[in-house]
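Peer 1: next one to model:
(one chain, ligands or ions: 1)
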Amino acid sequence: MAEVNLIYNKPSLKGEITVPGDKSISHRSIMFGSIAEGRTTVSGFLLGDDCLSTIDCFKKLGVEIELNGTDIVINSKGMDNWKEPVDILYTGNSGTTTRLMLGLLAGSTIHSILNGDASIGKRPMKRVIAPLRDMGAKITGRMDGQYTPLAIKGSPLKAIEYTMPVASAQVKSAILLAGLNAVGTTVIHEKDISRDHTERMLRQFGAEINVENGTVSYKGGQKLHATHVNVPGDISSAAFFLVAGATAENSEITLHNVGLNHTRTGIIDVLNVMGANMDIIVDDENAAEPTGTITIRTSELVGTTIDGELIPRLIDEIPIIALLATKAKGTTIIRDASELKVKETDRITAVVEELKKLGANIEATEDGMIIHGVEELHGASLKTYGDHRIGMMGAIASLLTDGAVQLDDADCIAVSYPTFFEDLIRII
Ligand code: S3P
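Peer 2: From the prediction side, this is the model:
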C-alpha cells in the first residue's frame, strides 16, 4: 500500500496528454480475440491491472497472448478449443472481467472457477447469474451464486428475451456473449442505454447484430473472425484532467485520443451545461469507436442536475464530477445513481466522506448526492478505499486545495490508469 503526500500550491495547469487506452474496450479486445479462431491484433491496449487480469484468465484457457507495450497479439484456436484451466481464473479487482467471463464460460465446453479480490467478493453477481441461468447456464457459488467464488460448468444454452432491470453494460454484455453459443435469437431491451462496446465489437468481428430503439438482438451460432482492434483513449481517464483543467486557475490542457462513443460522453454534456470553456475536434466519426481531441480551460461553472438516461453515460465519472461541482456556483444534484453503491466500493459514501474532509458542502442521498459550491477546499488525509477512481479524485483535488492532500493507498490507481501521476506531473 503506497501512501502519497501531494503538496501543490494551486498550480496553473498547461500541456498536452495522450489519454491511455479505454478499459472497457481493452477487456473486450482480449475476449473477442480469444473467441475468434486465428490472429487478432490490438493497438492502444490499456496496461492497467484490470486488463492484465483479463489477459491472465485467457492465458489460463490456453489462448496465446503476446504483449509488446500497448500492442497485443492474440493467437487463438477458437473458443471451442479453450483448455479446461487447472487453476482458478483470478479476476482481481475487475467486475468487467468477472461478469463478462461468466457469460462466455457459461456456454463453453469446460469447467472453470472464477474468483477475485475482496472488493469483487462484495459485488452482486446475481444480476448476471439470473439471466444466464434462464438460458440454461450451470453456475454455482457463494450464497447461491450471489457472490464469488463462482463455479461454471459449460453447457448448451438457449437464447432468451430479457428486459434489463438496471442499466448495466456488464450484464448486457454477459448475456450477449452467452448468446454467441445459444440456440435462437437473443433479445435484450434497455430503458436507459448502457455503453455499447460489446455490440460494436461483435460487428467488428463479423457478427450480424441489430440495435434499434433500446433493443439489441442477434442470432446465436455466428462465427467471429479475427481482426485488428484499435483501442481509443479512455474518456473515463480523460475525465480527471477535464475537471482539473476546468477548475484549476489559469489553466489550459489538451487531451488527445479521447474516446467519444456517445454512450460514454455524459461528462462532456455535463461540462457543457455547467459552462466549461472547452473545444472538441472529432478525428473520425465513422471509426468503430470515434475519437477526438479536447482542449479545456479554466471555467466559470454553475451547478446542474444530473439524472435519468445521463447516469449510465457517466456512471464512472461521478466521483470526479462531484469534485467539479464543489467548484461550481450554486447547487448540483446527482440522482438515479444508486448503482454507485455497488461499484469497486460504495462510491456515494466514499465520495461524500472524503470530499467533506476537504471542506466540501456535500450530502449523500439514497440514490446520489447534493453538492453546494464552496469558495475554498483545504488539505486533508483521504482514504481511497482501494478504489482507483476515488484515489484519482483525491489527487486532482490536491491541485485545488490550500494545504497538502495525503492518500492512504495510491496503488489502486494502476487498475485503470497506471501512468496517471506521470501525466499529472507533465501538466503542472
Ligand atoms: C463497464 C460497465 C460499467 C462500468 C464499468 C465498466 C463495462 O459497469 O461502471 O467500469 O466495461 O462494461 P455496469 O455496466 O455494471 O454499470
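
Peer 1: what residues does this protein put near the ligand?
Peer 2: With Cβ under 6 Å from any ligand atom as the criterion, the chain comes near the ligand at residues Ser24, Thr96, Ser168, Ala169, Gln170, Ser173, Ser194, Arg195, Ile315, Asp316, Glu339. C-betas here are computed from N, CA, C, even on glycine.

Peer 1: which one of those sits closest to Ala244?
Peer 2: Relative to Ala244, the closest of the residues of the chain next to the ligand is Asp316; by Cβ to Cβ it sits at 16.6 Å.

Peer 1: look up the pLDDT of Glu285 for me, please.
Peer 2: pLDDT recorded at Glu285 is 84.

Peer 1: wait, is it part of a helix?
Peer 2: No: using DSSP: H, G, I helix; E, B strand; the rest coil, the secondary structure at Glu285 is coil, not a helix.

Peer 1: quick one: it from Ile193, how far?
Peer 2: 18 Å (Cβ to Cβ, to the nearest Å).

Peer 1: picking that back up, taking the residues of the chain next to the ligand one by one, which sit in helices?
Peer 2: Ser24, Thr96, Ala169, Gln170, Ser173 (DSSP state H).

Peer 1: spit out the contact partners of the last one.
Peer 2: When contacts are counted by Cβ atoms under 8 Å, 6 or more residues apart in numbering, Ser173 is found next to Arg28, Arg99, Leu100, Gly103, His197, Thr198.

Peer 1: dump the residue contacts of the third one.
Peer 2: Going back to what we said before, that points to Leu100. His27, Arg28, Met31, Gln170, Ser173, Ala174, Leu177, Thr198.

Peer 1: excluding chain neighbours, what is closest to it?
Peer 2: Residue nearest to Leu100 in three dimensions, not counting chain neighbours: Ser173, with 5.2 Å by Cβ to Cβ, 6 or more residues apart in numbering.

Peer 1: tell me how far that neighbour lies from Arg28.
Peer 2: The gap separating Ser173 from Arg28 is 8 Å, by Cβ to Cβ.

Peer 1: quickly list what's touching both of these two.
Peer 2: Jointly contacting Ser173 and Arg28 under the rule Cβ under 8 Å, 6+ apart are Leu100, His197, Thr198.

Peer 1: report all helices and strands that the helix or strand Phe240 falls within contacts.
Peer 2: Secondary structure here is read from DSSP states H and E; on that basis Phe240 sits in helix 235-247. Counting contacts by 3 or more Cβ pairs under 8 Å, 6 or more residues apart in numbering; DSSP states H and E, the secondary-structure elements packed against helix 235-247 are strand 252-259, helix 266-274, strand 277-282, strand 291-297, helix 318-326, helix 388-397, helix 420-427.

Peer 1: and the helix or strand following the fifth one, average pLDDT?
Peer 2: On the C-terminal side of helix 318-326, the closest following helix or strand by DSSP H and E is strand 331-334. What strand 331-334 shows for mean pLDDT is 99.

Peer 1: what does strand 331-334 rub up against?
Peer 2: The contact list for strand 331-334, computed with Cβ under 8 Å, 6+ apart, reads 274, 303-307, 318, 321-322, 325, 368-373.

Peer 1: 6 Å instead, please
Peer 2: With contact meaning Cβ atoms under 6 Å, 6 or more residues apart in numbering, strand 331-334 is reached by Gly303, Thr304, Thr305, Ile306, Ala325, Gly368, Met369, Ile370, Ile371, His372.

Peer 1: over to stretch 193-212?
Peer 2: Contacts with stretch 193-212, where a contact means Cβ under 6 Å, 6+ apart, come from 24-25, 28, 32, 36, 167-169, 172-173, 176, 216-218, 222, 224-225, 227, 263-264, 288, 312.

Peer 1: and the buried ones among these, selectable in PyMOL?
Peer 2: Command for PyMOL, covering only those of the contacts of stretch 193-212 found buried under the criterion 16 or more other Cβ atoms under 10 Å:
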select buried, resi 24+25+28+32+36+167+168+169+172+173+176+216+217+218+222+224+227+263+264+288+312
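
Peer 1: before we move on, the earlier item: nearest to Thr295 among the contacts of Ser173?
Peer 2: Looking across the contacts of Ser173 and measuring by Cβ to Cβ, the closest to Thr295 is His197, at 25.5 Å.

Peer 1: model confidence for the closest one, exactly?
Peer 2: Spelled out, the predicted local distance difference test score at His197 is 98.

Peer 1: try Met1
Peer 2: 67.

Peer 1: Asn9 now?
Peer 2: At Asn9, the predicted lDDT confidence score is 88.

Peer 1: now do the SS call for it.
Peer 2: Using three-state DSSP, the three-state assignment for Asn9 comes out as coil.

Peer 1: now it, what are its backbone angles?
Peer 2: Asn9 adopts backbone torsions of phi -100, psi 70, taken as degrees, to the nearest 10.

Peer 1: burial measure for it, as a count.
Peer 2: By other Cβ atoms under 10 Å, the residues close to Asn9 number 9.

Peer 1: one more: Lys83?
Peer 2: Each residue near Lys83 was counted by other Cβ under 10 Å, and the total is 11.

Peer 1: residues near Lys383, how many?
Peer 2: Taking other Cβ under 10 Å as the definition, Lys383 ends up with a neighbour count of 18.

Peer 1: give me phi/psi at it?
Peer 2: Per degrees, to the nearest 10, the backbone of Lys383 is at phi -100, psi 140.

Peer 1: excluding chain neighbours, give the residue nearest to it in space.
Peer 2: Of all residues not flanking Lys383 in the chain, Asp408 sits nearest, at 5.2 Å (Cβ to Cβ, 6+ apart).

Peer 1: right, and the one you found touches Tyr385 too?
Peer 2: No: if you go by Cβ atoms under 6 Å, Asp408 and Tyr385 don't touch, sitting 9.0 Å apart.
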